[in-house]
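K.L.:
I'll drop the sequence and a predicted model, then ask my questions.
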Amino acid sequence: MAVNSDGTKFLINPRWQHFSTAKASQLVLVDANDLGTMDRDDAPDPSAWSIHSAIHRFVPQGRAVLHLHPKYATVLASLKDPEIKPIDQTTARFYKRVAIDLSFGGIANEELEGERIAKSIGHHNTVMMGNHGVTTLAPTLAEAYDNMYYLERASRTLVLAYQTGQPLNLINDNLAEQTAKDWQVYKGAEFAHFEEMKRILDKEDPSYKD
């Protein structure tokens with residue numbers, strides 16, 4: 001998550017610490033333009049640094065950036081055609097709104113691979129990373145989180161549909177486009193969703209705020 005106006009200074013999770021145990025005070029403040037970051041005692045994971053620092057340098061809409069390898073989205077990303085086909089209203093949310101990167105260059109622990117990934121994003125807020133995983137980005141963490149949540153839901157629906165072996169019943173282009181636009185009517189729900197998840201965390205384990 002970027003913390004300055006141009007997005008180059010950002011918070012990143014500590015190296016190799018399980019997400020469920022990370023606390024606010026343990027997040028690491030880094031500068032995407034600092035060439036000495038990986039020499040620090042608290043240096044982040046090399047691939048995390050490669051990907052996130054490049055996005056924060058080159059992608060202006062990426063103030064909040066989530067990069068994950070969730071179960072169903074990663075399965076979909078491993079297919080020759082990882083496009084999210086519009087077969088219901090959740091998959092239609094992503095109709096023609098996903099950057100697809102099919103040029104996997106190995107574990108992104110080198111600067112050039114991070115820059116290649118960042119430059120493949122273009123104007124999109126969702127990235128299907130072939131043979132790798134997925135990334136969502138947005139002006140706020142709430143929007144990036146909501147996008148990742150529904151990306152995994154859409155991927156699950158599509159993967160399960162593929163598993164039936166039956167032909168997909170695709171929504172026609174005009175209706176798919178209209179459905180994608182209609183999601184914007186519920187834009188406020190993205191922020192409510194994030195607040196609700198924080199309320200659940202507050203009940204289960206509020207130590208994340210420490």
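P.N.:
Perfect, thanks for sending it.

K.L.:
please name the nearest non-neighbouring residue to residue 116.
P.N.:
residue 105 (6.3 Å; CB to CB, 6 or more residues apart in numbering). No exception for glycine: its C-beta is placed from N, CA and C like everyone else's.

K.L.:
contacts only, for that neighbour.
P.N.:
By CB atoms under 8 Å, 6 or more residues apart in numbering, the contact list for residue 105 reads 112, 113, 116.

K.L.:
from memory residue 140 sits against residue 64, does it?
P.N.:
Yes. Residue 140 is within contact range of residue 64, at 5.8 Å (criterion: CB atoms under 8 Å).

K.L.:
part of a helix, is the residue nearest to residue 116?
P.N.:
No. Assessed with DSSP: H, G, I helix; E, B strand; the rest coil, residue 105 is coil; it does not lie in a helix.

K.L.:
now it: phi and psi?
P.N.:
phi -120, psi 20 (degrees, to the nearest 10).

K.L.:
how far away is it from residue 120?
P.N.:
11 Å (CB to CB, to the nearest Å).

K.L.:
quick one, which of the contacts of residue 105 has the minimum pLDDT?
P.N.:
Ranked by pLDDT, the contacts of residue 105 bottom out at residue 112 (87).

K.L.:
how about the helix or strand where that one lies: buried residues?
P.N.:
According to DSSP states H and E, residue 112 maps onto helix 111-119. For helix 111-119, burial by neighbour count (16 or more other CB atoms under 10 Å) applies to 113, 114, 115, 116, 117, 118.

K.L.:
how about CSV for the residues you listed, with distance to residue 68 added?
P.N.:
Listed next are the buried residues of helix 111-119 as CSV, based on distance: CB to CB, whole Å:
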residue, distance to residue 68
113, 17
114, 16
115, 20
116, 19
117, 14
118, 17
